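Student: Quick check, what structure comes out for this input:
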Amino acid sequence: MRSLLITNDDGIDAPALVPLAMALSRIARVTVAAPSGERSWIGKAISRVGTVATEAVVREGIEMWSIDGYPADCVQIGAYGILETPPDLVVSGINIGSNRGSAFATGSGTLGAVIEASNTGLPGIAFSAMSVGEWHSWVEWVYTEPGREMWSRLADVVVDIVAVILETGIPDDVDVLSVNLPADATLDTARMVTSLARTRYGRLFAGSGGVYHHDFDGILHVDGEVEGSDLAVLDAGHISITPIRMANSVPLNGTLRSRLERPR
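Tutor: Below you'll find the model as predicted:
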């Protein structure tokens, strides 16, 4: 039987984790290793100094590992410490909120987990759910019973996509897959393979007197064309599946190149 390592950046008590683990256990042997608390916006940070504590816990009858570290730590410790052999696939999510566009993709702990998986030679796929309405109200709602019904429905979609990946694999020129799901997505929702929109944000912190707190205004600025991107497809109500290659270069020509280079 194929094996999956499940992690996230919303923590061991994230509302999507139990429904996701239950659903994926229908098609594979599942191991859950998630941060002990929320570790959003952390990218693929690794605990370099000190120790990382782990604890076996049970959530709704499912054995899990709570790890006092980052999502990328969970991948490393789960794949090479907890499991006797590395998993066939790392699944991260389902994140509370979308991770569409390059700004979120590079900052997200959900994506950071599968980027770390790729760095170690393991295939990974990240899943995120787009918020609905006012952010803070929606975050409270996702922990309610109707929210649980949403996570269970989205988990069925995840199972369908993961089953395909387990069967076909991820192409060698793709580092990770990032899937963004509309909150109302079902097995019948259209799915599109997309490009990663180039996005950026401005100020992330507010404060005074030398004390600052995270205060993202939710505004994404888009650079370039969005047609066919994860941004546009998700806004149209479809499921966006984005193959990402992290370490890539682009040509540099013209005046800047001529001034930077020093040919022999």
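Student: residue contacts, residue 125?
Tutor: Counting by Cβ atoms under 8 Å, 6 or more residues apart in numbering, residue 125 makes contact with 89-92, 114, 161-162, 165, 170, 176-179. C-beta: built from backbone N, CA, C; applies to glycine.
Student: Looks like residue 111 contacts residue 175 (just checking).
Tutor: No: Residue 111 is beyond contact range of residue 175, at 10.3 Å (criterion: Cβ atoms under 8 Å).
Student: all helices for this structure, in order.
Tutor: Residue ranges of the helices in the chain, as given by DSSP state H, are 17-24, 71-77, 102-107, 109-119, 135-141, 145-168, 230-235, 254-260.
Student: Redo the ones you listed as CSV? Include distance to residue 38, mean neighbour count and mean pLDDT.
Tutor: Formatted as CSV, the helices of the chain follow (distance: least, Cβ to Cβ, whole Å; neighbours: other Cβ atoms under 10 Å; pLDDT from 0 to 100):
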stretch, distance to residue 38, mean neighbour count, mean pLDDT
helix 17-24, 12, 22, 98
helix 71-77, 10, 28, 98
helix 102-107, 14, 20, 92
helix 109-119, 9, 27, 97
helix 135-141, 11, 13, 93
helix 145-168, 16, 16, 97
helix 230-235, 23, 23, 95
helix 254-260, 41, 9, 92
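Student: Now do the most centrally placed residue in the chain against residue 138, distance only.
Tutor: Nearest to the geometric centre of the chain sits residue 110, at 2.8 Å (Cα atoms, centre = their mean). The gap separating residue 110 from residue 138 is 17 Å, by Cβ to Cβ, to the nearest Å.
Student: Give me the spatial nearest neighbour of the residue nearest to the centre of the chain, chain neighbours excluded.
Tutor: Excluding its sequence neighbours, the residue lying closest to residue 110 (Cβ to Cβ, 6 or more residues apart in numbering) is residue 95, at 4.2 Å.
Student: Residue 108 is in contact with that neighbour, correct?
Tutor: Yes: here residue 95 reaches residue 108: they are 7.1 Å apart, a contact under Cβ under 8 Å.
Student: what sits in contact with each of those two?
Tutor: Residues touching both residue 95 and residue 108 (Cβ under 8 Å, 6+ apart): 9, 126, 128.
Student: top of these by neighbour count?
Tutor: Each of those was scored for neighbours by other Cβ atoms under 10 Å, and residue 126 scores highest at 32 neighbours.
Student: ok, it touching residue 117?
Tutor: No: using Cβ under 8 Å, residue 126 is not in contact with residue 117; the gap is 9.6 Å.
Student: List the residues that are in contact with both of these two.
Tutor: What both residue 126 and residue 117 touch, as defined by Cβ under 8 Å, 6+ apart, is the set residue 176.
Student: ok, the residue nearest to residue 110 - contacts?
Tutor: By Cβ under 8 Å, 6+ apart, the contact list for residue 95 reads 8, 9, 10, 16, 108, 110, 126, 127, 128, 129.
Student: Done for today, thanks.
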